[in-house]
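In: got a predicted structure plus its sequence, pasted below:
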Amino acid sequence: MLKVKDIMTTKLITVSPETEILQAAKILLEKRINGIPVVDEAGRLVGILCQSDLIAQQKRLPIPSFFTFMDGLFSISSAKQMEKQVQKIAAITVAQAMTPDPVSVEPDMGIEAVAGLMVDSGLHTIPVLHEGKLVGIVGKEDILKTLIGNPL
């Protein structure tokens, strides 16, 4: 059975939380990758920035719905959700747009389990950690290559 370590990408491209959004977007497009790990100065994984995080910047801010109950006005959407959306839309640095504490996998995990995790969680790119250290990244494309037997 194939494991993550057999198909993961080990030549990592990373950014720091302080990287400007525009620079990170250029890296994603130029390298034709969906997600990029975000690491701190010590090299620890602190987040992941995906194309979907950047697309969120183009999203319109939803106007919250309200309802009244006993002469009181109540918001249906939470203030915390609204604040997160505003931060993503107005992001200048990677730290403001990234997904913090991303889902990660171990190198010895089977690719069937990773494929299931991707499908169930709606993830396209997952960092690979070994003993807490970033050692690779696995994406849907890596899994598809193994399915068709064509290591591009």
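Out: Received it, and whenever you're ready, just let me know what you need.

In: neighbours of the residue nearest to Ile7 when sequence neighbours are not counted, just the number please.
Out: Nearest in space to Ile7, with sequence neighbours left out and distances taken as C-beta to C-beta, 6 or more residues apart in numbering, is Asp142 at 4.6 Å. Every residue, glycine included, has its C-beta placed from N, CA and C. Neighbours of Asp142 under the rule other C-beta atoms under 10 Å: 20.

In: quick one, what contacts Asp142?
Out: Ile7, Met8, Thr9 (C-beta atoms under 8 Å, 6 or more residues apart in numbering).

In: which pLDDT value belongs to it?
Out: pLDDT for Asp142: 91.

In: and the one 10 residues further on, by the same measure?
Out: Among the per-residue scores, Leu152 holds a pLDDT of 53.

In: and what of Ile92?
Out: Reported pLDDT for Ile92: 86.

In: any idea how far it lies from Ile36?
Out: Ile92 sits 17 Å away from Ile36, going by C-beta to C-beta, to the nearest Å.

In: who's more crowded, these two?
Out: Remark: of Ile92 and Ile36, Ile36 carries more neighbours, 27 against 10, as counted by other C-beta under 10 Å.

In: which secondary structure element contains that one?
Out: In the assignment (DSSP states H and E), Ile36 maps to strand 35-39.

In: tell me the mean pLDDT over that strand?
Out: 96.

In: centre of the chain to that strand, how far?
Out: Chain-centre distance of strand 35-39: 8 Å, with C-alpha atoms, centre = their mean, to the nearest Å.

In: what is it packed up against?
Out: Judged by 3 or more C-beta pairs under 8 Å, 6 or more residues apart in numbering; DSSP states H and E, the packing partners of strand 35-39 are helix 21-30, strand 45-50, strand 133-139.
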